[in-house]
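# 3D model of this:
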Amino acid sequence: MRARSVLVLLYEGVQSLDVTGPVEVFTGAGRASGRPDAYRVVTASPGGEPVRSSSGLRLLPDADLAEVGPVHTLLVPGGVIPGTERTERPDGALVERVRELAGRAERVVSVCTGAFLLAEAGLLAGRRATTHWAYCEELARRFPEVEVDPDPIHVRDGRIATSAGVTAGIDLALALVEEDLGRETALLIARHLVVFLRRPGNQAQFSTQLAAQVAARPPLRELQRWIAEHPEADLSVEALARRSALSPRHFARAFAAEVGVTPGRYVDGVRLEAARRLLEDTDDGIEEIARSCGYGTPEAMRRAFVRALAAPPAEYRRRFHPSHDGGH
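Numbering: from 1, shown residues only. Take a look at the predicted model:
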């Protein structure tokens, strides 16, 4: 089988982890599969010049971007890309070269803000895509022709795949290795890198506690903490309002205004997160987890998981719990 060539774009201000994470996955896949030539990874920059990463790390490319040969997978990492935080556009010559290379690549992949370069090159028009959650609004504002989904850690639309920040690039690379070489190879790489195989692409980018605001009022802030510690309790609006010494209507309005989501949605997120942790970290039964997380029945928890993660609890545990993948 001919080696799949993976071209990794380097430029000034690139995020080094967006480069090294996927590179470790692809190069490790060859060793793990017993086929060292499974992937041929090449890094390239404009003019073949060394670049400084966003952290100041100096990266020496393998080739000049203008002289690279056939490309199976074009990987565009994120970094300090002009236009993501400022008004000027990325370098026109770089965008044009990305467009040309993508036109002859079988797969095009971006990590984090690399999606901005793909969008600038017109490669995401009419497609669903994601990026780091902090830049999703900006991506959608600047490129209204792109269907930006802020939630998943990676999105595949045809031959183009985009991922969220930093470690999501590893998840996406593992998904591609699994597609190319099979689950066992991807699992070996995941174990070697001490990551789980594999976070589903539609898993949320961040937790309920990170996604929601922290209430300004001490009583509501304390209530948020209490909810997280007691997912099994009666967390209806009426019960939470009593605990806050407010009327249900006043409580619901105040909570939504300060936290950014309704009490019901916040509770749903906390319970889902608690159940996910128990599925990942314990061997407790599904019924016991459903009860301890406030779902009442396994069926109610199953519906919540399918709705939020497109995977039932048993499948989620298979993906995440080390012993269910034969891990340590």
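# Distance of Ala314 relative to Gln15?
36 Å (Cβ to Cβ, to the nearest Å). No exception for glycine: its C-beta is placed from N, CA and C like everyone else's.
# Which one's more surrounded, the two?
Gln15 (25 against 13; other Cβ atoms under 10 Å).
# Neighbours of the residue nearest to the more buried one when sequence neighbours are not counted, how many?
Nearest residue to Gln15 in three dimensions, chain neighbours excluded: Gly79, at 4.4 Å (Cβ to Cβ, 6 or more residues apart in numbering). As a burial measure, Gly79 scores 26 neighbours (other Cβ under 10 Å).
# From Pro218, how far off is Gly79?
Gly79 sits 40 Å away from Pro218, going by Cβ to Cβ.
# do the same with Pro263
From Pro263 to Pro218 the distance is 17 Å (Cβ to Cβ).
# higher neighbour count, these two?
It is Pro263, of Pro263 and Pro218, that has more neighbours when counted by other Cβ under 10 Å, with 23 against 8.
# who touches the residue nearest to the more buried one when sequence neighbours are not counted in this structure?
Leaving aside its chain neighbours, Pro263 sits nearest to Phe255 (4.9 Å; criterion: Cβ to Cβ, 6+ apart). Counting by Cβ atoms under 8 Å, 6 or more residues apart in numbering, Phe255 makes contact with 215, 220, 223, 240, 262-263, 266.
# Surely Phe255 is within a helix?
Yes. Phe255: assigned to a helix according to DSSP: H, G, I helix; E, B strand; the rest coil.
# quick one: low-confidence ranges for the chain?
For the chain, the stretches flagged by pLDDT under 70 are 1, 81-90, 194-213, 322-328.
# And the helix or strand harbouring Arg317, what's buried?
Arg317 belongs to helix 313-320 when elements are defined using DSSP states H and E. Under the neighbour-count criterion of 16 or more other Cβ atoms under 10 Å, helix 313-320 has 313, 316-317, 319-320 buried.
# out of those, who's nearest Leu188?
Using Cβ to Cβ, Arg319 is the member of the buried residues of helix 313-320 that lies nearest Leu188, at 15.8 Å.
# which stretches of the chain form helices?
Ranges of helices within the chain are 16-33, 92-104, 114-120, 136-142, 167-181, 183-192, 208-211, 218-229, 237-243, 248-259, 263-281, 286-292, 298-309, 313-320, based on DSSP state H.
# Tabulate these in TSV, adding columns for distance to Val148.
TSV is the format used below for the helices of the chain (distance: least, Cβ to Cβ, whole Å):
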stretch	distance to Val148
helix 16-33	19
helix 92-104	19
helix 114-120	9
helix 136-142	4
helix 167-181	15
helix 183-192	27
helix 208-211	16
helix 218-229	28
helix 237-243	32
helix 248-259	24
helix 263-281	21
helix 286-292	33
helix 298-309	19
helix 313-320	25
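# Arg159: which of those helices is closest?
helix 92-104 (8.9 Å).
# how far is the closest one from where the chain is centred?
Distance of helix 92-104 from the chain centroid (Cα atoms, centre = their mean, to the nearest Å) equals 25 Å.
# Please apply the same query to stretch 56-63.
25 Å.
# and what of stretch 63-78?
A distance of 23 Å separates the centroid of the chain from that of stretch 63-78, by Cα atoms, centre = their mean.
# Same question for stretch 272-284.
20 Å.
# Check which residues of that stretch are buried.
By 16+ other Cβ under 10 Å, the buried positions in stretch 272-284 come out as 272-276, 278-279.
# Ok, stretch 138-152 next?
Here stretch 138-152 shows 138-140, 142-143, 146-152 as buried, counting by 16+ other Cβ under 10 Å.
# Can you tell me how far the closest residue to Glu24 other than its chain neighbours is from Val237?
Take Glu24 and drop its neighbours on the chain: the residue closest to it by Cβ to Cβ, 6+ apart is Leu193, 6.5 Å away. Look at Leu193 and Val237: by Cβ to Cβ, they are 44 Å apart.
# thinking again about what came up before, would you confirm that the residue nearest to Gln15 contacts Leu9?
No. Using Cβ atoms under 8 Å, Gly79 is not in contact with Leu9, being 9.8 Å away.
# Please enumerate the shared neighbours of these two.
When contacts are counted by Cβ under 8 Å, 6+ apart, Gly79 and Leu9 are jointly contacted by Gly114.
# Tell me the spacing between Val51 and Arg221.
Val51 sits 44 Å away from Arg221, going by Cβ to Cβ.
# swap in Arg277?
Distance from Arg277 to Arg221, by Cβ to Cβ: 22 Å.
# Which elements pack onto the helix holding Arg317?
helix 263-281, helix 286-292, helix 298-309 (3 or more Cβ pairs under 8 Å, 6 or more residues apart in numbering; DSSP states H and E).
# burial measure for Arg291, as a count.
Count around Arg291 with other Cβ under 10 Å applied: 16.
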